[in-house]
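*Asks:* Got a sequence here, can you model it:
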Amino acid sequence: MLARPLSWIAVLALATAASLPSQSISTIWTGGNSGTTGWTNQFDLTVLAPSGITILGFDVNCENTRAGGVGSPFTLTVWITIGGGTYVGNQTNPGAWTSIAIGSGVSRALGSPTPVDVDDFWLGPGTYGIALEYVGTAMAYTNGNGANQTYANADLSLALGASTTGRFGSPVYSPRVWNGAIHYFDGTARWWPFGDGCPGTAGTPTLATAAGSLPRLGTLFALEFGNLPGPGTLVAVMVGTSRSMWGPTPLPFELTLIGAPGCSLLVAPDANALIASASTVANFALFVPPIQSLVGAALHWQGAVVDFSANAAGFVMTAAGTSYLGN
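*Replies:* Take a look at the predicted model:
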């Protein structure tokens, strides 16, 4: 049952909605050339979808010999041309750019997509110069030959590209084709898992959508908390509208100091419900109102599992997930 039903209603009301289109677009992964940490890879992104898109994350191709070997943490900063427009002619003009999102990843082997989850951001129809700045790893890219420089689907197109020595520095190398994929939201209900849980006495508890369940308007959205110690296990279900800040506190927030080593709070607990498991799985459901203005609203979920034998704090955490409300 809901512990604070009015809070759940408030969370839905506060969630930022946006109207959007499909799931991903990929370039190539062949590498062949590279830029080191602190450089940018630039290209044009044209949004074709009339209602725009929300960028959720990227896959990138890390080059592991120039900087940051396999397993190295790194950050990816997404820069965009101010007011839109092409990157061409602005490659070395810092005043033409603004940072719109940042994310982090752990580098995988060259040629293997490395996922980077970034702050979600919305782009309306039009052309934007994009510069991806890698810090902590080198970037693999491919020399352009004309035939390998454009990619498109019904929602967006990419025209690639160039690389700069340092952030908007000289010299500029062109054409250089960014190796990667862009993941985005299109107005269809989606679930996007992120982060890591921490182990308890039964292993690491899990968070997933129930079979066949998605956060569709006018339906019951169901979550399952699994790998629990046993029947009667209490789970605090947390949901919020942010995964980067909880009031003044940056997220993720490491919980070692309160006796839960390896555990992190990944979402702002704007509203909470306490549920109990009937077995090693606990179930939670929330009705999604049939309100079209909620399409694209993002709610971030995580569970805290009571497990007195696991650590001094007496609880462990699941991984997290974002529900994008849609049709």
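*Asks:* what residue ranges in the stretch 1-150 of the chain are flagged as low confidence?
*Replies:* 1-22 (pLDDT under 70).
*Asks:* Would you state the strands of it in chain order?
*Replies:* 24-26, 33-35, 40-47, 53-60, 62-63, 73-81, 97-106, 114-123, 126-135, 138-143, 150-152 (DSSP state E, counting those that start in this stretch).
*Asks:* Remind me what the fifth one packs against, helices and strands.
*Replies:* What it means is strand 62-63. Secondary-structure packing of strand 62-63 (3 or more Cβ pairs under 8 Å, 6 or more residues apart in numbering; DSSP states H and E): strand 138-143. Yep, even glycine has a C-beta here, placed from its N, CA and C like the rest.
*Asks:* re earlier: for the strands of the stretch 1-150 of the chain, which one ends up most surrounded?
*Replies:* For those, the largest average neighbour count (mean count of other Cβ atoms under 10 Å) is found in strand 62-63, namely a mean of 27.
*Asks:* Run a quick neighbour tally on residue 237.
*Replies:* Using other Cβ atoms under 10 Å, residue 237 has 24 neighbouring residues.
*Asks:* Mind putting the strands of the stretch 1-150 of the chain into a markdown table with distance to residue 325?
*Replies:* As requested, the strands of the stretch 1-150 of the chain are arranged in a markdown table below (distance: least, Cβ to Cβ, whole Å):
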| stretch | distance to residue 325 |
| --- | --- |
| strand 24-26 | 20 |
| strand 33-35 | 39 |
| strand 40-47 | 21 |
| strand 53-60 | 12 |
| strand 62-63 | 33 |
| strand 73-81 | 24 |
| strand 97-106 | 21 |
| strand 114-123 | 13 |
| strand 126-135 | 25 |
| strand 138-143 | 34 |
| strand 150-152 | 28 |
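*Asks:* what's the closest of those strands to residue 231?
*Replies:* strand 114-123 (34.3 Å; Cβ to Cβ).
*Asks:* separation between the nearest residue to residue 96 once chain neighbours are set aside and residue 182?
*Replies:* Leaving aside its chain neighbours, residue 96 sits nearest to residue 90 (3.9 Å; criterion: Cβ to Cβ, 6 or more residues apart in numbering). Taking Cβ to Cβ, to the nearest Å as the measure, residue 90 falls 20 Å from residue 182.
*Asks:* who has more neighbours, the two?
*Replies:* A side-by-side neighbour count of residue 90 and residue 182, using other Cβ under 10 Å, places residue 182 first with 21 against 18.
*Asks:* Correct me if wrong: that one contacts residue 24.
*Replies:* Yes - here residue 182 reaches residue 24: they are 6.5 Å apart, a contact under Cβ atoms under 8 Å.
*Asks:* List the contacts of the nearest residue to residue 253 once chain neighbours are set aside.
*Replies:* Setting aside the residues directly before and after it, residue 253 is nearest to residue 265 in space (Cβ to Cβ, 6+ apart), at 4.3 Å. Neighbouring residues of residue 265 by Cβ atoms under 8 Å, 6 or more residues apart in numbering: 246, 251-253, 255, 302, 317.
*Asks:* 10 Å - rerun?
*Replies:* 195, 238, 240, 246, 249, 251-255, 302, 304, 317, 320 (Cβ atoms under 10 Å, 6 or more residues apart in numbering).
*Asks:* quick one, phi psi at residue 240?
*Replies:* Phi and psi for residue 240, reported as degrees, to the nearest 10, are phi -150, psi 170.
*Asks:* Beta-bridge partners for it, please?
*Replies:* Counting by DSSP bridges, residue 240 is bridged to residue 300.
*Asks:* what's it in contact with, if anything?
*Replies:* For residue 240, the contact set (Cβ under 10 Å, 6+ apart) comprises 11, 14-15, 246, 251, 265-272, 298-302, 320.
*Asks:* Overlap of the contact sets of residue 182 and residue 24?
*Replies:* In contact with both residue 182 and residue 24: 56-59, using Cβ under 10 Å, 6+ apart.
*Asks:* ok, so of the residues you listed, who is nearest residue 214?
*Replies:* Closest approach to residue 214 among these (Cβ to Cβ): residue 56, at 15.4 Å.
*Asks:* Spatially central residue for the chain, please.
*Replies:* Taking Cα atoms, centre = their mean as the criterion, residue 117 is the residue nearest the geometric centre of the chain, at 3.3 Å.
*Asks:* wouldn't it be in contact with residue 76 here?
*Replies:* Yes - with contact defined as Cβ atoms under 10 Å, residue 117 and residue 76 form a contacting pair (9.5 Å).
*Asks:* Now the common contact residues for these two.
*Replies:* Common neighbours of residue 117 and residue 76 (Cβ under 10 Å, 6+ apart) are 57-58, 101, 103-105.
*Asks:* low pLDDT regions in the stretch 151-300 of the chain?
*Replies:* In the stretch 151-300 of the chain, residues with pLDDT under 70: 292-293.
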